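Engineer: quick one: sequence and predicted model below, then my questions.
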Amino acid sequence: MKEDSIEITGFHAHVYYDTHTRDVAARVREELGARFEVQLGRWRDEPVGPHPKSMYQVAFLPNQFAEVVPWLMLSREGLDVLVHPNTGDALADHTLHSLWLGEKLELNVEVLRAA
């Protein structure tokens with residue numbers, strides 16, 4: 001697939017937390033839902049898929065990127081956040097085309113290779 005023919009159909013932000021930061025993650029989640037027309041995924045209190053720790057997903061449209069991502073940059077309250085496009089190539093989306101806010105966590109990419 002040529003780079004210039006890749007279409008971004010949406011974005012996901014994965015907000016990571018642990019038992020000590022779950023309340024912070026809840027505050028960030030509540031504010032995201034109040035400020036933006038985003039889809040809030042369910043709480044995942046255990047690692048799932050390529051994600052190495054607890055997280056929830058926030059789905060948003062390409063035209064929301066310029067509002068949602070800067071807000072996350074300033075308002076993530078120290079949480080680590082993975083932001084990636086949805087192009088139909090999950091492995092590339094989570095690795096080559098992604099950006100991190102906070103610490104870059106090591107994803108279990110083998111799960112994505114098998115998909």
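Structural biologist: The structure has been received and is ready for your questions.

Engineer: which residue would you name as the spatial centre of the chain?
Structural biologist: residue 13 (2.0 Å; Cα atoms, centre = their mean).

Engineer: ok so it is a strand residue?
Structural biologist: Yes: counting by DSSP: H, G, I helix; E, B strand; the rest coil, residue 13 falls inside a strand.

Engineer: now the helix or strand hosting residue 26: buried residues?
Structural biologist: Using DSSP states H and E, residue 26 sits in helix 22-35. Within helix 22-35, the residues that count as buried by 16 or more other Cβ atoms under 10 Å are 25, 28-29, 32. Using the backbone N, CA and C atoms, a C-beta is placed for each residue, glycine as well.

Engineer: and for stretch 46-60?
Structural biologist: For stretch 46-60, by 16+ other Cβ under 10 Å, it's 49-51, 54-58, 60.

Engineer: alpha carbons only: can I get that stretch in PDB?
Structural biologist: Extracted in PDB, the C-alpha atoms of stretch 46-60 (Å, rounded to 0.1, in the frame of the first residue of the first chain):
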ATOM      1  CA  GLU A  46      -6.300  -6.000  32.800                       C
ATOM      2  CA  PRO A  47      -4.000  -5.900  29.800                       C
ATOM      3  CA  VAL A  48      -5.800  -6.700  26.600                       C
ATOM      4  CA  GLY A  49      -4.600  -7.100  23.000                       C
ATOM      5  CA  PRO A  50      -1.300  -5.300  22.400                       C
ATOM      6  CA  HIS A  51      -1.800  -3.100  25.500                       C
ATOM      7  CA  PRO A  52       0.600  -3.900  28.400                       C
ATOM      8  CA  LYS A  53      -1.500  -2.400  31.200                       C
ATOM      9  CA  SER A  54      -5.000  -1.300  32.100                       C
ATOM     10  CA  MET A  55      -6.600   1.300  29.800                       C
ATOM     11  CA  TYR A  56      -9.700   2.600  28.100                       C
ATOM     12  CA  GLN A  57     -10.000   3.600  24.500                       C
ATOM     13  CA  VAL A  58     -11.300   6.900  23.200                       C
ATOM     14  CA  ALA A  59     -12.400   6.900  19.500                       C
ATOM     15  CA  PHE A  60     -12.700  10.100  17.500                       C
END
